[in-house]
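>>> I need the structure of the sequence given here:
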Amino acid sequence: MRFGIMIVSLALLMAGPALADAGSDVVMHGSKNGAPACSSCHGETGAGQPAAGIPRLAGLDARYIVRQLESFAGSTRANSVMHPIASALIANERDAVARYFSAQTPAKADDGTPDLKRVAAGAALAARGDWAKGVPACKSCHAPDALGAGGTVPRLAAQSSEYIEAQLRAWQDGTRHDDPLGLMTAIASKLDSDQVVAAAAYFSSLPVSGAKAGAPADDPVAAEAAMPASQGFAPPPESAIPNDDFGKMVKLGENIFQDPQHFAGPFVGNTLSCSNCHIARGRLAGSAPLWAAYVAYPAYRAKNKHVNTFEERIQGCFKFSMNGKAPPLGSETLVALETYSYFLAKGAPTGAALPGRGYATLKKPAKPFDYARGQKVYENNCALCHGANGEGRNAADGRTVFPALWGPHSFNWGAGMGDIKNAAAFIKANMPFSRGSTLSDQEAWDVAAFVDSHERPQDPRFTGTVEATRAKYHDGATWMYGKTVNGVVLGAHSLLPGKR
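Residues are numbered from 1 along each chain as shown. Now for the predicted structure:
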């Protein structure tokens with residue numbers, strides 16, 4: 001199978017110049033079957049016509065353009081102009097046109113003077129979401145730089161505000177329903193009119209290269225990513241971060257939490273971020289929020305059989321979930337993360353088991369969890385974002401957007417997510433992203449078992465043999481470490497942390 005894929009890929013590379021020429025011909029002159037020249041609306045370089053709501057195609061992923069042409073032809077995107085055009089293009093012509101526009105350099109057209117208040121509100125929505133409504137940050141999928149991720153998630157940076165707004169409203173009213181898994185339909189349905197306009201204004205204001213990496217959005221009118229007060233404790237809004245040295249440390253902790261590779265690189269050994277497991281910047285109830293964890297420490301942990309401080313608990317995250325090494329106690333990295341957690345927990349009672357702490361425990365499945373059933377759930381609900389082989393998906397600049405779920409870039413065997421019961425609880429509450437609680441309990445157990453039945457980096461507590469390591473640390477029915485799956489003893493070929 002892989003050999004066949006290699007042959008196809010090689011053929012496509014060899015056909016590149018020919019496809020480019022064919023794409024240019026269709027764009028400039030139209031197709032033999034009667035499709036008009038694409039340039040008549042989108043321009044020769046794919047700049048579009050913002051005022052007319054015609055999108056910019058330059059720099060979009062070619063696979064995404066092909067999928068949209070297929071959607072227009074199949075009427076999952078209702079458009080009276082594009083339907084006959086896309087229908088008139090044969091498969092090779094769609095590929096050629098897509099490759100042509102993808103290769104063009106995006107240009108930022110003048111959309112007029114932006115409304116700065118709307119742009120700021122859109123920036124907050126893009127960076128933080130509105131979790132009180134169940135709306136995730138736009139950049140969680142469209143990438144921190146808004147340049148998109150692969151052939152499913154398009155770039156939004158410098159796209160026209162008119163076009164973005166029109167598409168959000170099309171998902172709201174059902175005239176567009178080509179979004180895989182119904183993700184955009186679910187998200188758009190939760191946005192009010194002001195948020196639609198704000199998001200469109202923000203993304204259209206970005207430079208063609210995308211947003212500045214690592215910089216949190218300036219959000220004086222932010223939709224705060226907070227737990228609704230009606231459900232229990234609500235962390236303070238980001239606008240409450242003081243403008244002093246303490247506030248600087250809070251913001252550093254938030255930046256580390258969101259982008260540890262950039263802000264805590266020496267201690268990170270994979271491509272995950274803290275917010276992959278602690279949704280909404282560690283604020284969301286039922287997704288191991290930091291505010292609930294902070295007030296629960298110091299606490300005894302069976303994992304290392306002693307009372308842990310909160311700093312020690314964070315060290316464990318770096319060692320296991322991040323497959324890296326523990327920052328030293330008292331280091332700026334740990335102090336910043338602890339300060340951020342302290343800020344989120346302001347007003348919470350110390351030592352209380354707050355509602356929303358950790359992940360809600362699932363009952364035992366009606367049927368024993370099953371690899372084959374889990375594989376089907378994964379293929380239908382997870383592979384779109386996390387890849388067919390659990391490898392995750394990257395943005396156009398190479399940064400991770402959707403994390404790897406197994407393999408060398410994922411969490412190691414010592415991480416809490418390596419325990420099927422933890423993974424199932426997280427999946428049930430939060431996945432597919434923005435559509436949590438749509439999988440059945442059985443599906444959550446099955447897909448968690450499937451994910452945790454793949455090789456990943458070695459447990460850093462490795463004793464020398466898989467058998468002894470399992471007996472000491474993984475001797476339970478919900479750990480797959482040391483078990484044989486598809487003829488492979490899991491853990492037997494795992495690389496120790498730091499090895500590649």
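>>> Residue 401 falls within a strand, correct?
Yes - counting by DSSP: H, G, I helix; E, B strand; the rest coil, residue 401 falls inside a strand.
>>> The residue nearest to it when sequence neighbours are not counted: how many residues sit nearby?
Among residues not flanking residue 401 along the chain, residue 149 sits closest, at 4.1 Å (C-beta to C-beta, 6 or more residues apart in numbering). Where you see a C-beta, it was placed from the backbone N, CA and C, and this is true even at glycine. When counting by other C-beta atoms under 10 Å, one arrives at 23 neighbours for residue 149.
>>> Look at the residue lying closest to residue 285 once chain neighbours are set aside and give its secondary structure.
Excluding the flanking residues, the one nearest residue 285 by C-beta to C-beta, 6+ apart is residue 356, at 2.9 Å. The local conformation at residue 356, judged by three-state DSSP, is coil.
>>> correct me, but residue 356 touches residue 235?
No - using C-beta atoms under 8 Å as the test, residue 356 is too far from residue 235 to be in contact (10.6 Å).
>>> Show me which of the two is the more surrounded one.
residue 235 (27 against 19).
>>> OK, contacts around the nearest residue to that one once chain neighbours are set aside?
Using C-beta to C-beta, 6+ apart and skipping residues adjacent in sequence, the residue nearest residue 235 is residue 344, 4.2 Å away. Contacts for residue 344 were tallied using C-beta atoms under 8 Å, 6 or more residues apart in numbering; they are 235, 236, 282, 283, 289, 290, 291, 294.
>>> Tell me the spacing between the closest residue to residue 48 other than its chain neighbours and residue 106.
Excluding its sequence neighbours, the residue lying closest to residue 48 (C-beta to C-beta, 6+ apart) is residue 56, at 4.0 Å. According to C-beta to C-beta, to the nearest Å, residue 56 and residue 106 sit 6 Å apart.
>>> any common contacting residues for those two?
What both residue 56 and residue 106 touch, as defined by C-beta under 8 Å, 6+ apart, is the set 46, 158.
>>> What does the pLDDT read for residue 273?
Per-residue confidence (pLDDT) for residue 273: 96.
>>> same question, the one 5 residues further on
According to the per-residue confidence, residue 278 scores 96 in pLDDT.
>>> how much space between it and residue 248?
22 Å.
>>> ditto for residue 151
40 Å.
>>> what's residue 489 sitting at in phi/psi?
Main-chain torsions, residue 489, degrees, to the nearest 10: phi -80, psi 110.
>>> In contact with it, which residues?
466, 482, 483 are the contacts of residue 489 under C-beta under 8 Å, 6+ apart.
>>> Need these in a markdown table (columns: secondary structure, pLDDT and distance to residue 51).
Output for these, formatted as a markdown table (DSSP: H, G, I helix; E, B strand; the rest coil; pLDDT from 0 to 100; distance: C-beta to C-beta, whole Å):
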| residue | secondary structure | pLDDT | distance to residue 51 |
| --- | --- | --- | --- |
| 466 | helix | 98 | 64 |
| 482 | coil | 98 | 63 |
| 483 | coil | 98 | 61 |
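>>> burial measure for the residue nearest to residue 48, as a count.
27.
>>> do the same with residue 397
Residue 397: 12 neighbours (other C-beta under 10 Å).
>>> Give me the pLDDT value at the residue nearest to residue 285.
For residue 356, the predicted pLDDT is 92.
>>> before we move on, back to that, by neighbours, which of the contacts of residue 489 wins?
residue 466 (22 neighbours).
>>> Using CSV, write out the CA atom coordinates for stretch 465-484.
C-alpha atoms of stretch 465-484 as CSV (Å, rounded to 0.1, in the frame of the first residue of the first chain):
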residue,chain,number,x,y,z
THR,A,465,12.5,-4.6,30.9
VAL,A,466,8.9,-4.1,29.7
GLU,A,467,7.6,-6.8,31.9
ALA,A,468,9.1,-5.3,35.1
THR,A,469,8.0,-1.8,34.1
ARG,A,470,4.5,-2.9,33.5
ALA,A,471,4.4,-4.8,36.8
LYS,A,472,5.6,-1.8,38.7
TYR,A,473,3.7,1.1,37.0
HIS,A,474,1.1,-0.2,34.5
ASP,A,475,-0.3,-3.3,36.1
GLY,A,476,-4.0,-2.6,35.4
ALA,A,477,-6.7,-3.5,32.9
THR,A,478,-6.8,0.0,31.4
TRP,A,479,-3.1,0.2,30.6
MET,A,480,-2.0,-1.3,27.2
TYR,A,481,1.8,-1.0,28.0
GLY,A,482,3.4,-4.4,27.8
LYS,A,483,0.4,-6.0,26.1
THR,A,484,0.6,-7.6,22.7
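>>> For this protein, give me the ranges with low pLDDT.
Low-confidence segments of the chain, defined by pLDDT under 70: 1-20, 108-112, 210-231, 497-500.
>>> Which parts of it are strands?
299-301, 306-308, 393-394, 400-402, 484-485, 488-489 (DSSP state E).
>>> With distance to residue 417 added, can I get these in TSV?
As requested, the strands of the chain are arranged in TSV below (distance: least, C-beta to C-beta, whole Å):
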stretch	distance to residue 417
strand 299-301	16
strand 306-308	19
strand 393-394	18
strand 400-402	15
strand 484-485	17
strand 488-489	20
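>>> most tightly surrounded among the ones you listed?
strand 400-402 (a mean of 23; mean count of other C-beta atoms under 10 Å).
>>> Residues in contact with that one: which ones?
Contacts for strand 400-402 (C-beta under 8 Å, 6+ apart): 140-143, 149, 153, 261, 271-273, 385-387, 392-395, 409.
>>> let's see it at 7 Å
141, 143, 149, 271, 385, 386, 392, 393, 394, 395 (C-beta atoms under 7 Å, 6 or more residues apart in numbering).
>>> How about stretch 302-316?
294, 297-301, 326-327, 329, 334, 337-338, 341.
>>> how about these, which pair is most distant?
Greatest spacing in those, by C-beta to C-beta: 300 and 327 (22.3 Å).
>>> And residue 278 and residue 248? Which one has more around it.
More neighbours surround residue 278 than the other of residue 278 and residue 248, with 20 against 14 (other C-beta under 10 Å).
>>> gap between the residue nearest to the more buried one when sequence neighbours are not counted and residue 204?
Distances taken as C-beta to C-beta, 6+ apart place residue 288 nearest to residue 278, at 5.0 Å, with adjacent residues excluded. The gap separating residue 288 from residue 204 is 35 Å, by C-beta to C-beta.
>>> Measure how buried residue 304 is and give me the count.
12.
>>> Okay, it and residue 319: tell me how far apart.
10 Å.
>>> Quick one: neighbours of the residue nearest to residue 278, just the number.
22.
>>> residues contacting it?
277, 278, 358, 359.
>>> count of neighbours near the first one?
Look at residue 277: counted by other C-beta under 10 Å, it has 22 neighbours.
>>> That one and residue 148, how far apart?
24 Å.
>>> cool, and residue 293?
33 Å.
>>> same question, residue 441
Applying C-beta to C-beta to residue 441 and residue 148 gives a distance of 34 Å.
>>> So if I had to pick from the two, which one is more boxed in?
residue 148 (23 against 16).
>>> residue contacts, the spatially closest residue to residue 418 that is not a sequence neighbour?
If the residues on either side of it in the chain are set aside, residue 418 comes closest to residue 452, at 5.9 Å by C-beta to C-beta, 6+ apart. Counting by C-beta under 7 Å, 6+ apart, residue 452 makes contact with 418, 420, 423, 480.
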